[in-house]
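Novice: A structural model of the following input is requested.
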Amino acid sequence: MIYLICCLVAFAACILGTICGMGGGIIIKPVLDAVGVMSVSTVNFLSGCTVIAMSCWNVGKTLVKKESVLDFHSTPFLAVGAAVGGIAGKSLFNLVSSAFSDGDTVGGVQACLLLFATALTLLYTVFKDRLKSKNIRSRVVSVIIGLVLGLLGAFLGIGGGPFNVAALCFFFSMPTKKAAQNSLLIVLVSQLASTIQTLIVSGAPKVNLFILLLMVAAAIIAGELGRRINKRIDNRQATYCLEGAMVVIIGISIYNICKFFV
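Specialist: Predicted structure coming up:
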């Protein structure tokens, strides 16, 4: 049963993650935490590997097919910041983990932060038409924004989230679909840096290799399906998908907070 659950969660999360630019981990991580069949560190690792597979396939395929809408004025610098942030975020997670003997406490902290970040992002997305977006061109500022996004995604063990898309829409005036694709590159770089650091510093946690391979395969298939769906929808429909995903994430986060702390 656990194999089926992990496969289905990875598949559904990566379809939605590709369409919305969230990376998929933002759904995989809290859902597997809610199921409660693995430790927090194992869920983080599985989520990270799945996100890397999905975002790598998606970014690579769009570049090969010359369908990419990456913003080369800002995204490379966002990616550099995300790589540093990914390493910093994983270090912060290890620090918080060492401060608590109970792994549930760490999961609860992650759930609280995810709830707060997602709720703020949902508010921005709903009211963004009333806010004047920026058009940042500073490379230094782009690196700093990427660092913050990478740190948050790595600490939460999700690679990236709707806050990536919201930041790109607000700071760089990107439409939702363009922000989603640029977000996936940030997710890829951040999660790759975070996972490499984990392997070098502490090695891979004990994971079921078959589950890992199932989730990676599901992520690649879902990434391709999500990429094709993304090509056929407009920015308004992509925004609706993003808002719906955030409502689901908020609900799961509230459940996990109750599960870990109550």
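Novice: other SSEs contacting the helix or strand bottoming out on mean pLDDT in the chain?
Specialist: When the helices and strands of the chain are compared on mean pLDDT, DSSP states H and E, helix 25-35 comes out lowest with a mean of 81. For helix 25-35, the packing partners by 3 or more CB pairs under 8 Å, 6 or more residues apart in numbering; DSSP states H and E come out as helix 2-20, helix 40-64, helix 103-127, helix 139-156, helix 235-261. Bear in mind the C-beta positions are built from the backbone N, C-alpha and C, glycine included.
Novice: buried set for the longest one?
Specialist: Of the residues in helix 235-261, those with enough neighbours to count as buried (16 or more other CB atoms under 10 Å) are 238-239, 241-242, 245-246, 249-250, 252-253, 256-257, 260.
Novice: a markdown table please, covering these and showing pLDDT.
Specialist: As requested, the buried residues of helix 235-261 are exported to a markdown table (pLDDT from 0 to 100):
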| residue | pLDDT |
| --- | --- |
| A238 | 83 |
| T239 | 83 |
| C241 | 86 |
| L242 | 84 |
| A245 | 86 |
| M246 | 88 |
| I249 | 87 |
| I250 | 91 |
| I252 | 87 |
| S253 | 88 |
| N256 | 85 |
| I257 | 90 |
| F260 | 80 |
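Novice: buried ones in the least confident helix or strand of the chain?
Specialist: By 16+ other CB under 10 Å, the buried positions in helix 25-35 come out as 25-33.
Novice: turn the helices and strands packed on helix 25-35 into TSV, columns for distance to Q197.
Specialist: Listed next are the helices and strands packed on helix 25-35 as TSV, based on distance: least, CB to CB, whole Å:
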stretch	distance to Q197
helix 2-20	22
helix 40-64	10
helix 103-127	17
helix 139-156	9
helix 235-261	25
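Novice: which of those helices sits closest to A166?
Specialist: helix 103-127 (4.6 Å; CB to CB).
Novice: re the thing from before, between the helices and strands packed on helix 25-35, which gets nearest to T195?
Specialist: Here helix 40-64 is closest among the helices and strands packed on helix 25-35 (CB to CB), at 4.7 Å.
Novice: the inter-axis angle of the closest one versus helix 103-127?
Specialist: 40 degrees (axes from the mean of the first three to the mean of the last three CA atoms, to 10 degrees).
Novice: helix 40-64 to helix 139-156, inter-axis angle?
Specialist: Per the same axes, to 10 degrees, the angle that helix 40-64 makes with helix 139-156 is 140 degrees.
Novice: pretty sure A119 is touching V247, no?
Specialist: No - A119 lies out of contact with V247 (CB atoms under 8 Å); the separation is 10.0 Å.
Novice: quick one: A83 from M38, how far?
Specialist: When CB to CB, to the nearest Å is the yardstick, A83 and M38 sit 27 Å from each other.
Novice: same check on M174?
Specialist: Taking CB to CB, one finds M174 at 35 Å from M38.
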